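Colleague: I'd like to go over a predicted model; first the sequence, then the structure.
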Amino acid sequence: MASALRDHSSAAALPSFTADVFDHIPVPSFLSVSAGTATWLYTTLAVVLSLLALEQSVYRYKKRHLPGDNWTLPIIGKFADSLKPTMEGYVKQWNSGALSALSVFNIFIVMASSNEYSRKILNSPTHAEPCLVYSAKQILRPDNWVFLTGKVHVDYRRVLNGLFTRKALG
């Protein structure tokens, strides 16, 4: 018996070619693409990743020193938070500073939580426009009183102020 084991163990040699060993393993179809398809796939992937990196860098450039999150979700930004808003989320944004910044669908939004900054923003309509919803101008129309600026805005407020005097309210 010992001699039989010796004969078999000495006869075993290492295979010189092992490529056939992995032929029976199934490979998913998305991994086995042709060279032309792989080039398009990798090019498309590189372009998409580059655009996402560009979007983040533009967000960080616009935001600079303003308080708020340093990074945002690509493309949708804070839209995911607006689907299920919480009071804690609003308070966190409010407490992040007198001015804070966020981005929703690449629309840069600056929130002012102090009277001083709110007044500065409202008094500079050429640089910022107060709006809670981006599509409000299309829905309410651009000539709505909500979007009045300049002299027209001042005249309209002057008329409204008369409605809120003690005599008018009494």
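Modeller: Perfect, thanks for sending it.
Colleague: shaky segments in the protein?
Modeller: 1-35, 68, 106, 125, 127-132, 134 (pLDDT under 70).
Colleague: and the helices in it?
Modeller: For the chain, helices defined by DSSP state H occupy the ranges 2-11, 35-63, 79-83, 87-95, 115-122, 136-140, 150-161, 166-169.
Colleague: and the ones you listed: which comes nearest Ser103?
Modeller: helix 35-63 (5.3 Å; C-beta to C-beta). To be clear about C-beta, it is placed using only N, CA and C from the backbone, and glycine gets the same treatment.
Colleague: quick one: distance of the closest one to the chain centre.
Modeller: 15 Å (C-alpha atoms, centre = their mean, to the nearest Å).
Colleague: which strands and helices sit next to that helix?
Modeller: Counting contacts by 3 or more C-beta pairs under 8 Å, 6 or more residues apart in numbering; DSSP states H and E, helix 35-63 packs against strand 99-104, strand 107-112.
Colleague: switch those strands over to CSV; also include distance to Pro142.
Modeller: Output for these, formatted as CSV (distance: least, C-beta to C-beta, whole Å):
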stretch, distance to Pro142
strand 99-104, 21
strand 107-112, 17
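Colleague: any idea which of the ones you listed is most buried?
Modeller: Mean neighbour counts were taken over those using mean count of other C-beta atoms under 10 Å, and the top value, a mean of 20, falls to strand 99-104.
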